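Asker: test case, fold it:
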Amino acid sequence: MASLLPASLFVSVPDAYASEFRSYKLAATHSRLKVMFWAGIAFLIEVILIYFSRYQQGILFSDLRHRLLLYSEIELLMNLVASFFLFRLWPSKNDPLPSHARLLYHFVIVSSFVYLFGRSLLVYFDRQSLVFYLTSLILFQVMFLPDLKPRTILSLSGMVLMCIVIYLLPAVSQDEKITNLFECIGMTVMTYLVSTYLSNLEVQRFLHIHTIEGQNEKLESYSRLLEEQSREREEELEQRSRELTSYTLQEVKNSRFLEEIKKRIQEDNTAEIRKIPNLINTHQQGEAKWVHFKDVFENVHPEFFSRIHQQFPVLNSHDIRLMALLKMNLSTKEIADILGISPQSANTARYRLRKRLNLAPDADLESMVRNV
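Answerer: Just a heads-up that it's a prediction; the model follows:
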C-alpha cells in the first residue's frame, strides 16, 4: 500500500539548477501565455458572434446577468491588448523581465484571474453550472504548470470565491448546495493534483536534460584535456626525437672525425703515436657514451630495451646496441661510424644478430627491429 503513495508530492529542483530553472519557467510561461492569447482571441470572436445573434433577436440586454456577461468581455479585451504589448516587451532569450514588462506581466495574470473566475461566478449565477469554473482551473494549471506558487495561490483563491458564491446563492435545496460545494472543492483538488503530477514530470524532464547536458560538458572538458595532454605528449616526443637524431648525427660526425685522425696517425711509424688509434677505439666504444645514448634513446622509445631483454635473453650488449641503431633506421656506414668499426665489421655484426634471433633468410632484420 505504501508503494502507491508518492515519495514526495512536489519534486524540488537542486540549488545548482535554480537559476536555469527560473529561466526555464519563464520561457515555459511565455509559450503558454501565447497559446492562451490566441485561444482568447478565438473565444472573443465566438462571444461576439453569440452577442450579435442575441442583438438581432433583441435579447442582448434583456436582464442583468446577460449585461454583466457582456461587460465582462471588456476585461477579456483589455487582457488581450495587454498581452500583445507584453509579448512585444518580452526578451528574446530567457533573460529576466525588465521592470515595466514585469508590471505588465502581473497585470495580465491578475486580469486573467479576474476575467476567468469572474465569468465563472456569473455563469454559475446564471445557470448554476461549474463547467466554466473547471475550464478556468485547467487554463491556470496549464499556464503555470512548472511554477508551484502561482498555481497554488490561484487555485485556492478561485475555490474560496466559488464556494462563497455557491454558499450565498439560493439553491433549489440544501442538498443541491452541498453537492455543488463538494463538486467545486473536488474539481479544484483533482485538477490541482493532476497538474502537480504533470508539473513533477516536467521538472524531472528538466533535471534529466540538464543532468545529461552537465555530463556532456564534463565529457567534452575531459576530452579536451586528453587531447591537450596527447598534443603535449606528441610535442615532447617529437622534441626528444629531434634531440636523439641530433645526438646521433653528432656522434657520426665525431666518429668520422676520429676515424680520419686515426688513419693519419697510423701512417706515422712512431710507436707512441701508433697507440693513439687504440685509445680512439676505446673512446668510441666507451661505456659512458653508451649509457648517455641509452638515456636519450629511451626518452623516445620507452621500454625498448626491457622488451629486448624479455623477448631475446640470448643477446649480448653489442647486439642490443646494434638493434637500437637499427631502430633509428641508420645506414651501415653510420652504424659503423658510431660503433667505431668498419662497415664490413658492421655487416658481420648484423649477420651474427640475425643468427642469434633465428631469423629466416628472407626475413627483414630492420622490419623486425622496428616492430619490437
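
Asker: pLDDT averaged over the helix or strand hosting residue 47 - what is it?
Answerer: Mapping residue 47 onto the secondary structure by DSSP states H and E places it in helix 18-57. Per-residue confidence for helix 18-57 averages out to 84 on the pLDDT scale.

Asker: buried set for it?
Answerer: In terms of neighbour count (16 or more other C-beta atoms under 10 Å), helix 18-57 has its buried residues at 20-21, 24-26, 28-30, 32-33, 36-37, 40. Every residue, glycine included, has its C-beta placed from N, CA and C.

Asker: which of those sit farthest apart?
Answerer: 20 and 40 (30.0 Å; C-beta to C-beta).

Asker: following element in sequence after the helix holding residue 47, please.
Answerer: Using DSSP H and E, the next helix or strand after helix 18-57 towards the C-terminus is helix 64-89.

Asker: heading C-terminal from that next one, find the next helix or strand.
Answerer: Toward the C-terminus, helix 64-89 is succeeded by helix 99-127 as the next helix or strand (DSSP H and E).

Asker: that next one: which residues count as buried?
Answerer: By neighbour count, and taking 16+ other C-beta under 10 Å as the criterion, the buried residues in helix 99-127 are 101, 104-105, 107-109, 111-113, 115-124.

Asker: next, the angle helix 18-57 makes with it.
Answerer: What separates the directions of helix 99-127 and helix 18-57 is an angle of 40 degrees, with axes from the mean of the first three to the mean of the last three C-alpha atoms, to 10 degrees.

Asker: how far does helix 99-127 sit from the chain's center?
Answerer: Relative to the mean C-alpha coordinate of its chain, helix 99-127 is positioned 41 Å out (C-alpha atoms, centre = their mean, to the nearest Å).

Asker: could you pull out the helices for the stretch 201-350 of the chain?
Answerer: 271-274, 276-284, 287-300, 304-311, 317-327, 332-339, 343-357 (DSSP state H, counting those that start in this stretch).

Asker: separation between residue 336 and residue 349?
Answerer: With the distance defined as C-beta to C-beta, to the nearest Å, residue 336 ends up 9 Å from residue 349.

Asker: outline the domain layout of the chain.
Answerer: What automatic domain parsing lists as the domains of the chain is 14-223, 285-370.

Asker: let me have the ones you listed in CSV, adding distance to residue 237 as columns.
Answerer: As requested, the domains of the chain are arranged in CSV below (distance: least, C-beta to C-beta, whole Å):
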stretch, distance to residue 237
domain 14-223, 21
domain 285-370, 7
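
Asker: tell me which of these lies nearest to residue 230.
Answerer: When the domains of the chain are ranked by proximity to residue 230, the top entry is domain 14-223, at 10.3 Å, counting by C-beta to C-beta.

Asker: endpoint to endpoint, that closest one covers what distance?
Answerer: With C-alpha to C-alpha, to the nearest Å as the measure, the first residue of domain 14-223 is 27 Å from its last.

Asker: contact partners for the closest residue to residue 352 other than its chain neighbours?
Answerer: Spatially, and ignoring its direct neighbours in sequence, residue 352 is nearest to residue 319 (7.4 Å; C-beta to C-beta, 6 or more residues apart in numbering). With contacts taken as C-beta atoms under 8 Å, 6 or more residues apart in numbering, residue 319 has the following neighbours: 312, 349, 352, 353, 356.

Asker: how close does the fourth one sit to residue 343?
Answerer: Think residue 353. 15 Å.

Asker: could you list the low-pLDDT ranges of this protein?
Answerer: Per-residue confidence of the chain (counting by pLDDT under 70) places the weak regions at 1-8, 60-63, 92-95, 171-172, 213-214, 235, 238-292.

Asker: where's the nearest residue to residue 343 once chain neighbours are set aside relative to residue 325, distance?
Answerer: Take residue 343 and drop its neighbours on the chain: the residue closest to it by C-beta to C-beta, 6+ apart is residue 336, 4.6 Å away. When C-beta to C-beta is applied, the distance between residue 336 and residue 325 equals 10 Å.

Asker: repeat that for residue 98.
Answerer: Between residue 98 and residue 325 the distance, using C-beta to C-beta, works out to 75 Å.

Asker: have a look at the two and say which one is more surrounded.
Answerer: Legend: neighbour count by other C-beta atoms under 10 Å for residue 98 and residue 325, higher for residue 325 (23 against 12).

Asker: which residues touch the more buried one?
Answerer: By C-beta under 8 Å, 6+ apart, the contact list for residue 325 reads 334, 335, 338, 339.

Asker: could you list every residue that touches the second one?
Answerer: Same thing as residue 335. Contact partners of residue 335, counting by C-beta under 8 Å, 6+ apart, are 322, 325, 326, 346.

Asker: and those, which two are the farthest apart?
Answerer: Across those, the longest distance by C-beta to C-beta is 10.4 Å; it joins 326 and 346.

Asker: tell me, how many residues neighbour residue 143?
Answerer: 19.

Asker: contacting residues around it?
Answerer: Residues in contact with residue 143 (C-beta under 8 Å, 6+ apart) are 29, 32, 33, 36, 112.

Asker: check residue 221 too.
Answerer: With contact taken as C-beta under 8 Å, 6+ apart, residue 221 is in contact with no other residue.

Asker: dump the contacts of residue 143 to a markdown table, plus distance to residue 153.
Answerer: Rendered in a markdown table, the data for those read as follows (distance: C-beta to C-beta, whole Å):
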| residue | distance to residue 153 |
| --- | --- |
| 29 | 15 |
| 32 | 17 |
| 33 | 17 |
| 36 | 18 |
| 112 | 13 |
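
Asker: out of the residues you listed, which one sits closest to residue 144?
Answerer: Minimum separation from residue 144 among the contacts of residue 143 (C-beta to C-beta) is found for residue 29, which lies at 6.7 Å.

Asker: check contacts around that closest one.
Answerer: Residue 29 makes contacts with 143, 144, 146, 147, as judged by C-beta under 8 Å, 6+ apart.
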